[in-house]
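> Structure for this input, please:
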Amino acid sequence: MFFYVIFEIKIALRYFLFLITYSLFQTFTCAQEDFLAKQYFNDGEYEKALVFYEKLVAKSPRRTDYAEGLIASYQQLERYTDAETFLLKKIEDPYAFPTFFIELGYNYTLQDQPEKALGFYEQAIQKINENPNFGYSVGYRFQKYALLDYAIQAYNKAMELKPDLNYDFQLARIYGEKGDVEKMYSSYLNLIYEGRTSRSNVLRNIDDFISEDPANTNNVLLKKVLLKKAQKDPDVLWNELLSWLFIQQKQYNSAFNQEKAIYKRTGESSLDRLENLGQIVLEEKNYTSAIPIFEYIVENSNNPVAKLNAQLHLIDIELEGTDRKKLESVEKKFQALVTEYGVQSRSLQLQIAYGNFLTFKKENPKPAIAMLKECLVLPLGRMGVAYVKLALGDILVYDQKFNQALIYFTQVQKSLKNDVLGQDARFKVAQTSFYKGDFDWALTQLKVLRGSTSQLIANDAMQLSLLISDNSLEDSTQTALKKYARADLLAYQNKNREAIETLEDILENHKGEKIEDEALLKQGELLEAQKSYEAAEFNYKKIIAFYADGILADDAHFALGELYRNILGQPEKAKTQYEKIIYNYQDSYYFPKARKHFRMLRGDAIN
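The predicted structure follows:
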């Protein structure tokens, strides 16, 4: 009896193992057939795909994806009758998935029988009454076949029957495709209001439809929708979104009014939003609009750091284009701030700004050096020390104390190896070595920086590296390169006239040498700063004419485009320059900006 039981157990185990093995084999076979069916279909070999889909449907008749693959294969082969026969059997089942009704209707549409199709589309919609959760699959399938009105109907019906459901994102996309922009905006804004998606995600989508022009139809519609929602429900969200719209339209005074309203209504102690707005306006160099923003922060901020930053921004604005007579009044303002805030770790930005003012505006680096060295005695964190040392190094370079500057830059580079600030310090080491005439050491540093995480640093490193290497091969004495380094240092010291003269020496005495295009570009930039716009234009055009295949051709096109767009008021000429970059210099650092400016000048919506 015992042996008989053991025998029965062995038989059962073998049978169990057989079932597992068979099941795994079947699963593997189905997976392989599924892969091959999709592969053949994607490759356009529909006859082969059909063979596998027929097998898969026979094995798993309830798998909708296999059924849909079979239907699509029939339709690609124009075997509409076979697709129809298969689908009619499918919808006989009272529990048939509603998308089969859409598939059958679409099958009739492909045969140019729209009357027959409509009835089945309506049946798919009716299925949502039985189960509102069908709303997504039905709406999505209608979207797939560009039956957008039916998709809208499906999503709306599902939401009416079951308010917990939300298909505003899908509806917004459909309204956008249909060109019903106002309804699209409403759907997107509902998503933000109900907290169903991130604001940035929605604004990215809306951004595709608006431009910088406040009179643009889509911009007007968005403002209208926001104002309607604000009247219906006075939530601060609508003020925030109106502010965002005004910023896109560069209507900074209107944005400022919205931000003040937000600040007063929320009773916030933080002025972060106003600080961000001020920063945006300052970067746009719209000083007229920036001044009242920073003055408001100074008057209302309880945060000493935020207040000080605003006061420093106001001084920066005052220094823009100021004559030397006004420097004394600005210095008094700095001294008053030093008296108010003192020399402490939380007012480092004041000491650095004052040091830069004394050096680069007053041409008096000695007290600036002494002040920043005093700051290094303060109890500072690693980043604070780095900021002070970088500022101190910059001032020492101005004073041509290159070795001392290199010590500070190297210390920052070593303490913040993997930080952008550390990479910036390495570039400053290279740049200082270049001014000093130590071109080999500069090249060593620049080679490392070509892989910098900062695109700007990587681009600057590449340009300086090519400048040194290209102009060291044909001239072993590096005479022209030394002159260029001297001109670059003079420009760094804001001695633009002397720098222009030094570059002119290169252009007269080193004609035909590789450094000529570099000298033309640098001189063009300095001439622009001196408001000698025609002379700058001549330099840029000369680079394009004689060095079209050189590494600075894209720089010249972009500089010329910016000159035409921002200074000379010649948008058509600017557009031509940006277009050259778009078509001929796709790997250029300036490509994204050139494309954006070109599209803006052409009147496109900019995202």
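> wait, what's in contact with the nearest residue to residue 37 once chain neighbours are set aside?
Closest residue to residue 37 apart from its sequence neighbours, by Cβ to Cβ, 6 or more residues apart in numbering: residue 52 at 3.7 Å. To be clear about C-beta, it is placed using only N, CA and C from the backbone, and glycine gets the same treatment. Residues in contact with residue 52, defined by Cβ atoms under 8 Å, 6 or more residues apart in numbering, are 33-34, 36-37, 40.
> got a list of contacts for stretch 255-272?
Here stretch 255-272 has contacts from 236, 239-240, 242-243, 246-247, 273-274, 277, 289, 292-293, 296-297, 300-303, 306, using Cβ under 8 Å, 6+ apart.
> Mind listing what's buried along that stretch?
255-256, 258-260, 262-263, 271 (16 or more other Cβ atoms under 10 Å).
> Low-confidence ranges, the stretch 451-600 of the chain, go.
Flagging of the stretch 451-600 of the chain using pLDDT under 70 yields the residue ranges 474-475.
> Now do the strands for it: every range, in order, please.
For the stretch 451-600 of the chain, strands defined by DSSP state E, counting those that start in this stretch do not occur.
> Now find how far off-centre stretch 76-83 is within its chain.
46 Å (Cα atoms, centre = their mean, to the nearest Å).
> typed the wrong thing, it's stretch 152-161
On Cα atoms, centre = their mean, the centre of stretch 152-161 falls 35 Å from the chain's centre.
> Likewise for stretch 327-339?
That offset, for stretch 327-339, works out to 38 Å (Cα atoms, centre = their mean).
> Let me see the contact set for residue 252.
Contacts of residue 252 (Cβ under 8 Å, 6+ apart): 246, 277, 280-281, 284, 286, 289-290, 293.
> if you set the cut-off to 10 Å instead, what comes out?
Applying Cβ atoms under 10 Å, 6 or more residues apart in numbering to residue 252 gives the contacts 243, 246, 259, 277-278, 280-281, 284, 286, 288-290, 292-293.
> cool, residue 193 as well?
168, 229, 233, 235, 237-238, 241.
> tell me the SS of residue 146?
coil (DSSP: H, G, I helix; E, B strand; the rest coil).
> Report the separation between it and residue 112.
16 Å (Cβ to Cβ, to the nearest Å).
> Which of these two has more residues huddled nearby?
residue 146 (10 against 7; other Cβ atoms under 10 Å).
> Could I get the pLDDT score of that one?
With respect to pLDDT, residue 146 scores 92.
> Next, it: phi, psi?
Residue 146 adopts backbone torsions of phi 60, psi 30, taken as degrees, to the nearest 10.
> 50 is where my numbering starts, stick with that
In the new count, where the first residue is 50, that last one comes out as residue 195.
> That one: what's it in contact with?
When contacts are counted by Cβ under 10 Å, 6+ apart, residue 195 touches 223, 226.
> now it: how far from residue 91?
In terms of Cβ to Cβ, residue 195 sits 21 Å off from residue 91.
> Same list (the contacts of residue 101) but as CSV, adding neighbour count, pLDDT and distance to residue 132.
Output for these, formatted as CSV (neighbours: other Cβ atoms under 10 Å; pLDDT from 0 to 100; distance: Cβ to Cβ, whole Å):
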residue, neighbour count, pLDDT, distance to residue 132
82, 17, 78, 20
83, 19, 84, 20
85, 17, 84, 21
86, 23, 83, 16
89, 19, 84, 18
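> Please identify which of those residues is nearest to residue 462.
residue 83 (55.4 Å; Cβ to Cβ).
> you'd agree residue 595 is up against residue 565?
Yes: assessed by Cβ atoms under 10 Å, residue 595 is found in contact with residue 565 at 8.0 Å.
> Those two: who's more crowded?
residue 565 (20 against 14).
> Quick one: residues contacting that one.
Contacts of residue 565 by Cβ under 10 Å, 6+ apart are 520, 529, 555-556, 559, 591-592, 595-596, 599.
> Would you mind checking those for buried ones?
Here, 16+ other Cβ under 10 Å leaves 520, 529, 555-556, 559, 591-592, 596, 599 buried among the contacts of residue 565.
> export those to TSV and tack on distance to residue 130?
Putting those into TSV (distance: Cβ to Cβ, whole Å) gives the following:
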residue	distance to residue 130
520	76
529	81
555	81
556	80
559	81
591	72
592	68
596	68
599	66
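> Tell me which two in these are the farthest apart.
520 and 591 (18.3 Å).
> picking that back up, can I get the contacts of residue 565 in a markdown table including distance to residue 457?
What follows is the contacts of residue 565, written out as a markdown table (distance: Cβ to Cβ, whole Å):
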| residue | distance to residue 457 |
| --- | --- |
| 520 | 28 |
| 529 | 30 |
| 555 | 31 |
| 556 | 35 |
| 559 | 34 |
| 591 | 39 |
| 592 | 36 |
| 595 | 41 |
| 596 | 37 |
| 599 | 35 |
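> sorry, back to before: do you know how far the residue nearest to residue 86 is from residue 93?
Distance from residue 101 to residue 93, by Cβ to Cβ: 15 Å.
> What segments of the stretch 450-599 of the chain are helices?
Secondary structure of the stretch 450-599 of the chain (DSSP state H, counting those that start in this stretch): helices at 451-464, 469-485, 488-498, 504-522, 528-541, 545-558, 564-578, 582-595.
> got JSON lines for those helices, with distance to residue 263 too?
Converted to JSON lines, those look like this (distance: least, Cβ to Cβ, whole Å):
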{"stretch": "helix 451-464", "distance to residue 263": "45"}
{"stretch": "helix 469-485", "distance to residue 263": "36"}
{"stretch": "helix 488-498", "distance to residue 263": "42"}
{"stretch": "helix 504-522", "distance to residue 263": "31"}
{"stretch": "helix 528-541", "distance to residue 263": "39"}
{"stretch": "helix 545-558", "distance to residue 263": "38"}
{"stretch": "helix 564-578", "distance to residue 263": "30"}
{"stretch": "helix 582-595", "distance to residue 263": "29"}
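> surely residue 270 meets residue 234?
Yes: counting by Cβ under 10 Å, residue 270 sits close enough to residue 234 to count as a contact (6.5 Å).
> surely residue 630 meets residue 644?
Yes: here residue 630 lies in contact with residue 644, judged by Cβ under 10 Å, at a distance of 8.0 Å.
> Counting neighbours, go ahead and name the busier of these two.
Neighbour count, other Cβ under 10 Å: between residue 630 and residue 644, residue 630 has more, with 25 against 17.
> ok so, going back, so which of the contacts of residue 242 is the closest to residue 210?
Out of these, the member with the shortest distance to residue 210 (by Cβ to Cβ) is residue 217, at 15.8 Å.
> Which phi and psi values does the residue lying closest to residue 307 once chain neighbours are set aside adopt?
Take residue 307 and drop its neighbours on the chain: the residue closest to it by Cβ to Cβ, 6+ apart is residue 292, 3.8 Å away. For residue 292, the backbone dihedrals are phi -60, psi -40 (criterion: degrees, to the nearest 10).
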